[in-house]
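**Q** Fold the following and give me the result.
(chains A and B)
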Amino acid sequence: MNSIRIRQTFLNFFESRQHFIDKSAPMVVKNDPTLMFTNAGMNQFKDIFLDNLPAKNLRVANSQKCLRVSGKHNDLDEVGHDTYHHTMFEMLGNWSFGDYFKKEAIQWAWELLTEVYGIDKESLYVTVFGGDKLDNLEPDEEAREFWKQYVPEERILYGSKKDNFWEMGETGPCGPCSEIHVDIRDAEEKLKTPGRDLVNMDHPLVIEIWNLVFIQFNRLSDQSLHPLKAKHVDTGMGFERLCMVLQGKQSNYDTDVFQPYIKRLCELTGKTYGKDTDTDIAMRVISDHVRAVAFAIADGELPSNNKAGYVIRRILRRAVRYGYTFLNFREPFVFELVPVMVSGMGDYFPELPAQKDLIMRVINEEEATFLKTLSTGIQKFESYITTLGDKKTVDGKFAFELFDTYGFPVDLTQLMAREKGKDVDMKGFEEGMKVQKERSRAAATVDTQDWIELSKGSSDTVFLGYETLVAEVKPLKYRKVTSKGKTMYQLVLDKTPFYAESGGQIGDRGILEAEGIKLHILDTQKENNLSIHVLDKVPEKWPAVLTAKVDEQKRRLTENNHSATHLLHSALRKVLGDHVQQKGSLVDEKRLRFDFSHFAKLTREEIRKIEELVNQRIRDNIQQKEHREMSMEEAVEMGAIALFGEKYGDKVRVISFDQEYSTELCGGTHVHATGQIGLFRIVSEGAIAAGIRRIEAITGKLAEEYINEKADTLDHARELLKNPKDVIKGIEQLLQENDKLRKQIQQLQKAQAGNMIEDLKQGIRNVNGMNFLAMKLEADTQTAKDLAFEMKKQVSDLFLVLGHHAEGKPGITIMISENLVQKKQLHAGNIIRELAREIQGGGGGQPHFATAGGKNPDGLDKALARAEGYLK
RNA sequence: GGGGAAUUAGCUCAGUUGGCUAGAGCGUUUGGCUGGCAGCCAAGAGGUCAUCGGUUCGAGCCCGAUAUUCUCCA
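**A** So this is what the prediction gives:
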């Protein structure tokens, strides 16, 4: 069975059991401070488990793209070395939200695996939770009883809390789980060691393929467990592993999911897979990593230097590094695997074919940058090695510096050191790493306390802010959050006029008022789907009802910019073409920022055209049309464009300004008619990554001020030039003239210096075979320097001491011909230190030339007189 | 969010305890030589040493702030 059919079979099976087949949520998570990437199929249903939102469907199944790069399940450093761990993988899952529970979950799992997929029953083992004293939990006999209907008892094992009690995080929903393991060793091996002894022992061929989680508790921050009202089922089956089992392979990488990448890599390198351990590992690493990186980019997460973008960068770099070291790649190559991926997964994940070019460009450029980083690192390393001499050990501190500052992987440092017959002090390296980690951790600790409930009600806060900015609201719950000594409070209301930051539009500010109480809302944010109002303090006693008032001015200015963003988006598509896709957006009261895919710098004409188009629409004063509860199908029919990497519900909101011109899916707030925006002006355009450009623009009064300022500058310039017809030409003439004059001055100065040189020459006396001159003149240091160098050219055996002063500041310059320096063991720097005392200053220089400055011009004569003393 | 670093000619980079008239290679312009392929020789142009402030007689170099970029950790 090929992988495409395996996936489809899973979905069909649950669809026929009344499950709603959901799409995969984006792999990159937004609006959740605890999570950067979807790391399990359940992530997108978190709010349902937390009871923040009601479930729309009680039964759901899907295949979810996931990314795991750290934590107990996975460590990036391990991927590729074994044959069954991945960064990016698909998780097949079925869910019950307060609907069916253990009985059906177990029955169906068994049925699907054995009857539909036809896995040999004899090779399956199941585990159930064996209880835990600390948490005062009994073994999960309930699950065991159900399993006994299908599986002989000797293949049902009790598991520890570590393996068989699932928790979402430090706090939150949790419960016992039941895993299905499969033993795919050959018959001979099975005879030698029974499979049951190898379950959960990290054996590569006795592996967990499906985890059925029975969520029935909520854990509070004091570690206590409380039963949930509604019990849920959450299951996850690793797609790649399932393919391995069904295709009779012993490595995930031997399935049709990964083989095409490996084949392509063999083509690119001329190497063969399966002959050399290092080559094999490298090929596995690269095949795995390209999938993670490509999906992230498709979801709009570009490689960058922090947060999620940094994780992506690291994954890609790891792939490049393995290719560099073990496959001898010196040019970008990972991007070449993207077409392989598109043809393998493009049908189920349409974001891949739609953005193939962009994904390839971004990866290619990122690879090129890293290869450059590697080459500067190698340079640093080489020059360090030459300072080592006979020492056998590369300093751990240096290895860490190379890694920390220049991004040079430490294992590469080790490799290169070995080639030079040296080793790396890894202890020192680890030490540096430890210090760095501790520092970061200390800076990032956040203490989040439990919610304190004020009154009952759904946390699915009703948003009133489309219609009103003032409302009577009920506080539902709040909690204290401390980070870096700063304490903030997060508050949830039953309904609110405050817009919570999302879709690029920043959160509202404002106040909450009641009898004798005035609270400042500093920001409004979204955590998953929860609207959180951020306060700096809370009252001792909460009133049942408060008046919420949004800061109107800030909101209106923000709306200007948000609506302008929509107009800009369509203008870009009109002027540049339909390949323009939104890749990011930020809207606040001051400006708007819009990132989009496009492959060339915008010309001045294009920018003007875009501005004109937007301003035209503003003058048309188009009424805003809002469709609040539209189905996705209707919205698409209207011409609305859905963004990749965004998660939409089944009902969407559509905002249009002239349906033909601008129609977008959007939850943000907007002007009623475009005329309100007043004026639109692009202030900057540039690249932020390969194939992605960023425009920043301003609107309304700020745009007006911006233009006025420019006009004023021009007027001013015009006035300064005495109002010429053509200002540019006037300036050009001025510059030309300036250039000409400067050259003339240079020539004059040269001539003058020539004269002065003649004068100076007149004063030369021959003392002890030296052409000695000590003279005072009115000149600055620079002129004196010039004279000194000129004299050196013209006069041999020179010993020149110039005392000079300009604007009250005295200085001394000494020039001695090289041959005198040699012959008489003179040192201008040392001499000048002595002489400078006379003018209350200091100085120094090389043996043949030195300068000094000072404070007392009256001392110059004395200094010059003393100079003669050095003529021995 | 917290550390480390970088910013010098169009490009890639040197620049040693503060004492340079700030250099190199590539590129570029001009001239000469040369039958070729990134040819050779010579001369020249090209710098606000990121920005602002400070220390100092003197700052590309030391200190502080800002900006941008790189990098590691979370």
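**Q** gap between A:Leu58 and A:Phe101?
**A** Distance of A:Leu58 to A:Phe101, computed by CB to CB, to the nearest Å: 12 Å. Any C-beta I mention is one placed from the backbone N, CA and C, and that applies to glycine too.
**Q** Find residues that contact each of the two.
**A** Residues touching both A:Leu58 and A:Phe101 by CB atoms under 8 Å, 6 or more residues apart in numbering: none at all.
**Q** Residue in the stretch 451-600 of chain A with the shortest distance to RNA strand B?
**A** In the stretch 451-600 of chain A, no residue comes nearer to RNA strand B than A:Lys484, which is 6.5 Å away by CB to the nearest atom of the strand.
**Q** Just the element for A:Leu522, please.
**A** In the assignment (DSSP states H and E), A:Leu522 maps to strand A:517-527.
**Q** what about dumping the CA coordinates of the helix or strand just after that strand to CSV?
**A** Sequence-wise, the next helix or strand downstream of strand A:517-527 (DSSP H and E) is strand A:530-535. Taking C-alpha atoms only, strand A:530-535 is exported to CSV below (Å, rounded to 0.1, in the frame of the first residue of the first chain):
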residue,chain,number,x,y,z
LEU,A,530,-8.8,33.5,24.6
SER,A,531,-9.1,37.3,24.7
ILE,A,532,-6.8,38.5,27.4
HIS,A,533,-6.8,42.1,28.8
VAL,A,534,-3.5,43.0,30.3
LEU,A,535,-3.7,45.2,33.5
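**Q** okay, the angle between strand A:530-535 and strand A:517-527?
**A** 140 degrees (axes from the mean of the first three to the mean of the last three CA atoms, to 10 degrees).
**Q** Which other helices and strands does strand A:530-535 contact?
**A** Packed against strand A:530-535 by the contact rule (3 or more CB pairs under 8 Å, 6 or more residues apart in numbering; DSSP states H and E) you find strand A:486-493, strand A:517-527.
**Q** Provide the strand pairings for the helix or strand following the shortest one, with the direction of each partner.
**A** It refers to strand A:486-493. Downstream of strand A:486-493, the next assigned helix or strand under DSSP H and E is strand A:495-496. If you go by DSSP bridges, strand A:495-496 pairs up with strand A:462-463 (parallel).
**Q** Identify the residues contacting the helix or strand just after the partner strand?
**A** Per DSSP H and E, strand A:462-463 leads on to strand A:470-473 as the next helix or strand towards the C-terminus. Outside strand A:470-473, the residues within contact range by CB under 8 Å, 6+ apart are A:464, A:493-497, A:512, A:545-550.
**Q** go on, stretch A:143-155?
**A** Stretch A:143-155 is contacted from outside by A:102-103, A:106-107, A:110, A:114, A:121, A:124-126, A:128-129, A:156, A:176, A:178, A:196, A:214, using CB under 8 Å, 6+ apart.
**Q** Not counting sequence-adjacent ones, nearest residue to the closest residue to RNA strand B within the stretch 351-500 of chain A?
**A** Nearest to RNA strand B in the stretch 351-500 of chain A, going by CB to the nearest atom of the strand, is A:Gly407, at a distance of 2.5 Å. The spatially closest residue to A:Gly407, leaving aside those adjacent along the chain, is A:Thr373, at 5.1 Å (CB to CB, 6 or more residues apart in numbering).
**Q** thought the one you found was touching A:Phe408?
**A** Yes. If you go by CB atoms under 8 Å, A:Thr373 and A:Phe408 touch, sitting 7.2 Å apart.
**Q** re the thing from before, could the helices and strands packed on strand A:530-535 go into JSON lines alongside mean pLDDT, distance to RNA strand B and mean neighbour count?
**A** Converted to JSON lines, these look like this (pLDDT from 0 to 100; distance: least, CB to the nearest atom of the strand, whole Å; neighbours: other CB atoms under 10 Å):
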{"stretch": "strand A:486-493", "mean pLDDT": "90", "distance to RNA strand B": "11", "mean neighbour count": "18"}
{"stretch": "strand A:517-527", "mean pLDDT": "91", "distance to RNA strand B": "13", "mean neighbour count": "17"}
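**Q** picking that back up, for the residue of the stretch 351-500 of chain A closest to RNA strand B, what are its contacts?
**A** A:Gly407 is in contact with A:317, A:370, A:373, A:377, counting by CB under 8 Å, 6+ apart.
**Q** ok, of the contacts of strand A:470-473, which come out buried?
**A** A:464, A:493-497, A:512, A:546, A:548-550 (16 or more other CB atoms under 10 Å).
**Q** what's the burial count for A:Thr387?
**A** Number of residues near A:Thr387 (other CB atoms under 10 Å) recorded here: 8.
**Q** Need the three-state assignment for it.
**A** Secondary structure, DSSP: H, G, I helix; E, B strand; the rest coil: A:Thr387 is helix.
**Q** thinking again about what came up before, now the closest residue to the residue of the stretch 451-600 of chain A closest to RNA strand B other than its chain neighbours, what are its backbone angles?
**A** Nearest residue to A:Lys484, sequence neighbours excluded (CB to CB, 6+ apart): A:Ala443, at 6.9 Å. Main-chain torsions, A:Ala443, degrees, to the nearest 10: phi -80, psi -10.
**Q** now A:Ala443: how far from A:Lys437?
**A** Separation of A:Ala443 from A:Lys437 (CB to CB) stands at 11 Å.
**Q** A:Val470 too?
**A** 48 Å.
**Q** One more: A:Lys729?
**A** Distance, A:Lys729 to A:Lys437, by CB to CB: 62 Å.
**Q** Residue of the stretch 1-150 of chain A nearest RNA strand B, please.
**A** Going by CB to the nearest atom of the strand, RNA strand B is nearest to A:Ser70 of the stretch 1-150 of chain A, at 7.3 Å.
**Q** With adjacent residues omitted, what lies nearest to that residue?
**A** Using CB to CB, 6+ apart, the closest residue to A:Ser70 is A:Leu76 (6.6 Å).
**Q** hang on, isn't the one you found packed against A:Val69?
**A** Yes. If you go by CB under 8 Å, A:Leu76 and A:Val69 touch, sitting 4.9 Å apart.
**Q** the more surrounded of the two?
**A** Comparing A:Leu76 with A:Val69 by other CB under 10 Å, the one with more neighbours is A:Val69, at 21 against 18.
**Q** so is the more buried one in a helix, a strand, or just coil?
**A** Quick answer, by three-state DSSP: A:Val69 is coil.
**Q** For it, list the residues it contacts.
**A** Contacts of A:Val69 (CB under 8 Å, 6+ apart): A:37, A:76, A:87, A:292, A:311, A:314-315.
**Q** A:Ile180 belongs to a strand?
**A** Yes. Checked against three-state DSSP, A:Ile180 lies within a strand.
**Q** since we're on it, how many residues are nearby?
**A** Neighbours of A:Ile180 using other CB under 10 Å come to 22.
**Q** thought it was touching A:Trp108?
**A** No. Using CB under 8 Å, A:Ile180 is not in contact with A:Trp108; the gap is 11.7 Å.
**Q** List the residue ranges of the stretch 401-550 of chain A that fall below the pLDDT cut-off.
**A** Within the stretch 401-550 of chain A, the ranges that satisfy pLDDT under 70 run A:485.
**Q** Spell out which parts of it neighbour RNA strand B.
**A** For the stretch 401-550 of chain A, the contact set with RNA strand B under CB under 7 Å from any atom of the strand comprises A:401, A:403-407, A:433, A:436-437, A:439-441, A:443-444, A:484.
**Q** for these, which one is nearest A:Tyr706?
**A** Nearest to A:Tyr706 among those: A:Lys484, at 36.4 Å, using CB to CB.
**Q** A:Leu242 versus the closest one, what's the distance?
**A** As defined by CB to CB, A:Lys484 lies at a distance of 45 Å from A:Leu242.
**Q** and if you look at A:Glu170?
**A** From A:Glu170 to A:Leu242 the distance is 31 Å (CB to CB).
**Q** A:Thr235: how many residues sit nearby?
**A** Using other CB under 10 Å, A:Thr235 has 25 neighbouring residues.
**Q** Pull the contacting residues for A:Asp780.
**A** Neighbour list for A:Asp780: A:804, A:806-807, A:811 [criterion: CB under 8 Å, 6+ apart].
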